[in-house]
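Colleague: just coords:
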């Protein structure tokens, strides 16, 4: 993959006001995207959705202006989950979809993600094409060819119906009490409707966005509030989304966390029993070794992709498989949708729970997670950790020590200035020590 100037593993992201997350850049990005996506001889349109960050208003206007200057119509969806933009891009037959969001990051960050006309993440070639146009000066099309802007008022209702359509008509959540944590993010107005209309009693938290509180002590990265509410309400389970709604984690009725690795195992193992798995499962380099061992024990093939749902999707398509995911709760279920979707993934897990007649605790007992420790080392400037000889040597020694009983993983984050250091093995104390020692080596080698 060629080096890209702006695009990371999941779009373009950074702190608001710092290059490139500025209004003038977004204007140019809108124009560049319009040039890259539009096709001659037809009226082209691009959808824009956003999460609940205050800065979303500013960037929405800038992108709209750039697209209009390129002669592309714009359909404004307002606050909507990222996967909703993927779905609506397909149903509106739009040229592309744009999401203004920084996912699970704090409100002071923001970013841009793109979807193709098929509702999938862009391939490297199309991202490179957008970057090529970004290097050109803006040329405004003729006044009579400028793009028009429209607001889509029924977008939430369309997406709610889509989510419900991903489970069988006879499936209901009658008699189930669910706590939903919407992270004060993009699912705040749609997720409660989906679960209520399927029959569940719903208690919501994190559903009062003010533009600044997205992901603040709530959502899939902060589960304490959800655990507390599940206990207080004596609910059957809790479901937590992240700020843009493409991830999901759960809390069982006893307060125990159910992460993405466990959700993936529950979904895959139950589908396998029902004969609906149709192949194997794709995880990532970060997926707990316990998942791989448990799936192998059940006779289910498993493959690791690079971190990021786009790479999970690549391997699923290459293998003709249907299900993949990450420990963060980013799951891809190809027979339901084209990208990671927190609401749809939660419904599929609940479908597995209902059909099995067991609890989540019972369904995940076939998988024993190995101790794993992740240390995020913040760096002033992103760099390849394996370009430093002292880091390479420290990793070699750690891997030699663990042998076949564990593994080491170092990688640079594609969305933040972090080097992620992960150690995994059978002994939790030993794994913790190794991860901390490697993190210190990385920190001392940081440029």
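Modeller: It's in. What you see is a predicted model, and the numbers here were worked out from it, not measured in a lab. Residues are numbered from 1 along each chain as shown.

Colleague: Surely residue 76 touches residue 60?
Modeller: Yes: contact criterion C-beta atoms under 8 Å: residue 76 and residue 60 qualify, at 6.8 Å. C-betas here are computed from N, CA, C, even on glycine.

Colleague: Overlap of the contact sets of these two?
Modeller: Any residue near both residue 76 and residue 60 by C-beta atoms under 8 Å, 6 or more residues apart in numbering counts here, and that gives residue 48.

Colleague: quick one: contacts for the closest residue to residue 196 other than its chain neighbours?
Modeller: With C-beta to C-beta, 6 or more residues apart in numbering as the criterion, residue 196 has its nearest non-adjacent residue at 5.1 Å, and that residue is residue 202. For residue 202, the contact set (C-beta under 8 Å, 6+ apart) comprises 177-180, 192, 195-196.

Colleague: most surrounded residue in those residues?
Modeller: Most neighbours among the contacts of residue 202, by other C-beta atoms under 10 Å: residue 180, with 28 neighbours.

Colleague: Assumed that one was part of a strand.
Modeller: Yes: assessed with DSSP: H, G, I helix; E, B strand; the rest coil, residue 180 lies in a strand.

Colleague: Show the pLDDT at it.
Modeller: What the model reports as pLDDT for residue 180 is 98.

Colleague: now swap in residue 415 and tell me
Modeller: Residue 415 carries a pLDDT value of 67.

Colleague: Just want to know which of residue 76 and residue 60 has more residues nearby.
Modeller: When neighbours are counted by other C-beta under 10 Å, residue 60 comes out ahead of the other of residue 76 and residue 60, with 21 against 18.

Colleague: How far does the helix or strand encompassing that one sit from its chain's centre?
Modeller: Using DSSP states H and E, residue 60 sits in helix 55-69. Offset of helix 55-69 from its chain centre (C-alpha atoms, centre = their mean, to the nearest Å): 23 Å.

Colleague: and what of stretch 367-381?
Modeller: So, by C-alpha atoms, centre = their mean, the centroid of stretch 367-381 is 18 Å from its chain's centroid.

Colleague: got the contact list for it?
Modeller: Contacts of stretch 367-381 (C-beta under 8 Å, 6+ apart): 261-262, 265, 286, 288-291, 293-294, 406, 413, 417-428, 431-432, 435-436, 438-439, 442-443, 446-447.

Colleague: Buried only: go through those residues for me.
Modeller: Using 16 or more other C-beta atoms under 10 Å as the burial test, the contacts of stretch 367-381 include 261-262, 265, 286, 288-291, 294, 406, 413, 418-425, 431, 435, 438-439, 442, 446 as buried.

Colleague: Walk me through the domains of this structure.
Modeller: By the assignment in automatic domain parsing, the chain contains the domains 12-153, 158-238+249-256, 258-363, 372-445.

Colleague: Thank you kindly, that will do.
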